[in-house]
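Undergrad: Build me a structure from this.
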Amino acid sequence: MSEEKSQLQGILKRLFAMEKAKDGRFQKRRFDLYGLELLQVTYDQENQDWDILDHRLKKHYHFDNVDLVAIEIYDLLRDVQLTF
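TA: Numbers count the residues shown, from 1 in each chain. Below is the predicted model of the structure:
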């Protein structure tokens, strides 16, 4: 459980940094696993909304709540971990 908790805390830390960043309207971060970029997360500071691009499934997910973004990122990364 502690590993899962720390992964979620790490995801939230990165997302909160995106919200606080002052170097542009759109903040983008990659989420990698096993050396492969699996997700790209974009935060629009003006509209305060989030977009997740899942490279594996070629799908976009749109959110307006940071908690839901963190849970979705965690779930998507966990799915890949459980595959290997």
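
Undergrad: now Arg30: how far from Trp50?
TA: Distance check for Arg30 against Trp50: by C-beta to C-beta, to the nearest Å, it reads 14 Å. To be clear about C-beta, it is placed using only N, CA and C from the backbone, and glycine gets the same treatment.

Undergrad: which one of those two has more residues nearby?
TA: In terms of neighbours (other C-beta atoms under 10 Å), Trp50 is the more surrounded of Arg30 and Trp50; the figures are 24 against 11.

Undergrad: Is it correct that the more buried one falls within a helix?
TA: No. Secondary structure assignment places Trp50 outside any helix; it is strand (DSSP: H, G, I helix; E, B strand; the rest coil).

Undergrad: who's it bridged to?
TA: Counting by DSSP bridges, Trp50 is bridged to Tyr43, Phe63.

Undergrad: From here on, call the first residue 12.
TA: Taking 12 as the first residue, the last one we looked at is Trp61.

Undergrad: That one is in contact with Val52, isn't it?
TA: Yes. Assessed by C-beta atoms under 8 Å, Trp61 is found in contact with Val52 at 6.6 Å.

Undergrad: which residues do the two both contact?
TA: Overlap of the contact sets of Trp61 and Val52 (by C-beta atoms under 8 Å, 6 or more residues apart in numbering) consists of 26, 80.

Undergrad: Point to the residue nearest the middle of this protein.
TA: Ile84 (4.5 Å; C-alpha atoms, centre = their mean).

Undergrad: ok, and what's touching the helix or strand of the chain with the lowest mean pLDDT?
TA: Sorting the helices and strands of the chain by mean pLDDT, DSSP states H and E puts helix 13-31 at the bottom, at a mean of 88. Contact partners of helix 13-31, identified using C-beta under 8 Å, 6+ apart, comprise 38, 40, 42, 52, 54, 56, 61, 77, 80-82, 84-85, 88.
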